[in-house]
Each structure stands twice: as structure tokens, then as C-alpha cells.
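**Q** coordinates for the following, if possible.
(one chain, ligands or ions: 1)
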Amino acid sequence: MINNFLEYKEFQAYYGESFSVEKNRDVVEVFNRLCPYCGAVLSEKHSLHRFDTHFRTGECIEQDETIYYCQNDGWWQHKIYERQDSSPKNWYSVIHEGILKTYDDSSANIPIQVLNDYIFNDPDKITNIHHKKMEELVASVFGDFYNCEAKVVGKSSDGGVDVVLIDGDNPTMIQVKRRRSLQHTESVSGVRDLLAATLLNKTNKSIFVSTANKFSPEAEKTASLSIELGLVEKFDLIDYGRFISMLKGRPQNIEQIWDGLLALTKLNDKHYGLAYVG
Ligand SMILES: [Zn+2]
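**A** Down below sits the predicted model:
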């Protein structure tokens with residue numbers, strides 16, 4: 001089962017004479033350092049304390065921005081809280097909180113961003129995922145890695161090609177195998193099939209990606225021989241370890257969401273608090 005918090009909701013809360021009514025005081029005051037799902041102590045991801053001074057009057061607002069998250073299940077909260085130092089004490093807060101979505105890890109309907117973050121945190125679980133999802137994950141990771149379009153083309157009669165990397169007019173043929181065990185050894189036959197499919201497509205770049213820990217010596221020999229003989233220009237064998245390090249070479253989607261929410265570090269001198277921007 002995958003618990004995921006990529007989706008989130010937003011609350012605002014405020015009090016004081018700058019606002020006509022008080023709103024959501026509870027949201028701010030009930031905040032604590034425990035995960036609402038599992039009770040674990042939350043970990044701090046981000047914390048910033050600063051003073052935002054009015055560029056004309058010199059009046060000051062005290063601000064805090066934090067992100068806390070749960071290491072067990074990934075629940076998180078981003079919060080900005082600001083207080084005016086002059087009397088009466090105005091305050092304003094904006095809060096974002098992850099919304100729990102649950103998926104079966106072998107489902108064919110998991111969003112690829114969710115699957116990516118799940119495998120990022122728990123790489124061994126890759127053997128459980130749906131084989132079509134593995135093809136999409138490979139397309140997503142390789143598309144980013146080579147900075148080009150990656151298309152899932154695999155059908156049941158795919159002729160040995162599941163994903164095509166479209167890099168100029170010399171596409172790369174990719175075969176993807178989601179094995180049920182990391183201990184599996186990829187044999188030479190799959191490598192030969194991919195070589196044949198590459199040649200039949202009149203292209204000369206091949207990548208074989210597997211969740212197995214290793215390729216057989218004969219599979220490795222065949223891949224290098226195909227290059228030595230000039231049949232193809234490239235024939236990469238990507239095993240579990242290499243694929244996971246490629247996947248981990250880019251930030252998790254949740255990290256990108258958090259970066260997008262952080263607001264205080266982006267304020268400039270013409271600001272006077274988030275609530276008072278006119
Ligand atoms: Zn938790």
C-alpha cells in the first residue's frame with residue numbers, strides 16, 4: 001500500500017484590526033509537532049525566522065515559515081505565521097497540508113509522480129509495481145536524464161521494444177523488464193531480442209532496463225560485441241542498482257512542491273508582510 005501526500009489543501013487564518021473579522025484561529029493554535037495520522041514526532045524540513053520591515057514607516061512584522069513532515073508516512077504541513085509588533089497585535093497565517101491518498105502498489109492507475117516518490121523512498125518495492133507502470137517510470141526517468149521525449153510504445157506484441165527515446169532523428173530502443181525478484185539474472189536471449197528489434201527498426205541505439213540485480217556474462221558479452229561489430233552504436237544494460245541511482249538523481253516531486261510553496265525567502269524589500277501586500 002502506498003500512502004501519498006502530493007495533493008494538499010490551503011487554510012488561512014487571521015486576527016486584528018487590519019482584517020474585518022477573525023478567521024480560523026483554531027487552525028493556528030492547534031498546531032503541534034505530532035503527525036495526525038500516526039502520532040510520530042514530526043521532522044523539520046525547513047525553518048526560517050525573520051523580520052519584515054516596512055520600507056517607509058520602519059514598522060516591523062515578525063515572521064516564521066516552517067515545513068514539518070512525518071518520516072513514517074510522509075504527512076506534511078507548511079506554515080507561515082506573521083505578527084505585527086505594534087499594538088493592537090495583528091497576525092496572519094497561511095497553512096498548506098498534505099491530503100492522504102492511498103494506492104495499491106501493484107495498481108496500473110497510480111500517478112507516475114506518486115510512484116516515483118514511493119520508489120525513491122523504498123527502492124526494493126520496485127519488484128511489486130505493475131509492469132506497465134514500470135515502463136512509464138522508465139520513460140519518465142530516461143526522458144529527464146537525456147532531456148528528450150520518451151514514449152511508451154510497448155504492446156503485448158511489442159517486438160522487444162517498450163519505450164523509445166526520441167533524441168533527434170536517431171531514436172533509442174528501450175526494453176523494460178520488471179522482474180518479481182531482484183535476484184533474477186537477465187539472460188542473453190532478451191539482449192538478442194532487443195538487438196534484433198533495434199536493427200529491424202533501422203536504428204542503432206539500445207538500452208535494456210531491468211529490475212534484476214544483474215545480467216549474465218553472456219548477455220554482457222553480446223551487448224559489447226554488438227558494438228564492436230558495428231551493429232549498433234550503443235547498447236546499455238541498466239540493472240536495478242543503476243536504474244535506482246538514475247531515479248534518485250532527480251528531486252522527489254514532494255520536494256518540488258515544497259520549494260514552490262516557500263514564500264518568505266522570495267520577498268523583496270518593497271514588502272511589508274504577506275498579509276499586507278497591497
Ligand atoms: Zn505519520
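**Q** the residue of the stretch 151-278 of the chain found nearest the ion: helix or strand, and which one exactly?
**A** Using Cβ to the ion, the closest approach of the stretch 151-278 of the chain to the ion is made by I254 at 14.1 Å. No exception for glycine: its C-beta is placed from N, CA and C like everyone else's. Per DSSP states H and E: I254 is located in helix 253-261.
**Q** those residues of the stretch 51-200 of the chain touching the ion, which are they?
**A** With the criterion set to Cβ under 5 Å from the ion, the stretch 51-200 of the chain comes near the ion through 70, 72-73, 75.
**Q** mind redoing it with 8 Å?
**A** 70-75 (Cβ under 8 Å from the ion).
**Q** which strand or helix spans the closest residue to L194 other than its chain neighbours?
**A** Here the nearest residue to L194 in space, its sequence neighbours aside, is Q175; by Cβ to Cβ, 6 or more residues apart in numbering that works out to 4.4 Å. Using DSSP H and E, Q175 sits in strand 172-177.
**Q** list of residues touching that strand?
**A** 131, 134-135, 138, 142, 146, 150, 154, 160-165, 186, 190, 193-194, 197-198, 201, 203, 205-212, 234 (Cβ atoms under 8 Å, 6 or more residues apart in numbering).
**Q** same deal with stretch 147-154?
**A** For stretch 147-154, contacts defined as Cβ under 8 Å, 6+ apart pick out 132, 135-136, 138-140, 142-143, 161-167, 174, 176.
**Q** mind doing that once more with 10 Å?
**A** 131-132, 134-144, 158-168, 171-176 (Cβ atoms under 10 Å, 6 or more residues apart in numbering).
**Q** beta-bridge partners for G98, please?
**A** Y8 (DSSP bridges).
**Q** let me know whether it touches L261 as I believe.
**A** No: applying Cβ atoms under 10 Å, one finds G98 not in contact with L261, separated by 11.1 Å.
**Q** which of the two has more neighbours?
**A** It is G98, of G98 and L261, that has more neighbours when counted by other Cβ atoms under 10 Å, with 23 against 18.
**Q** all helices for the protein, in order.
**A** 25-29, 112-121, 131-145, 188-200, 217-228, 240-247, 253-261 (DSSP state H).
**Q** buried stuff in the third one?
**A** Read it as helix 131-145. 131, 133-143 (16 or more other Cβ atoms under 10 Å).
**Q** now do the shared contacts for G98 and L261.
**A** In contact with both G98 and L261: 8, 76, 78, using Cβ under 10 Å, 6+ apart.
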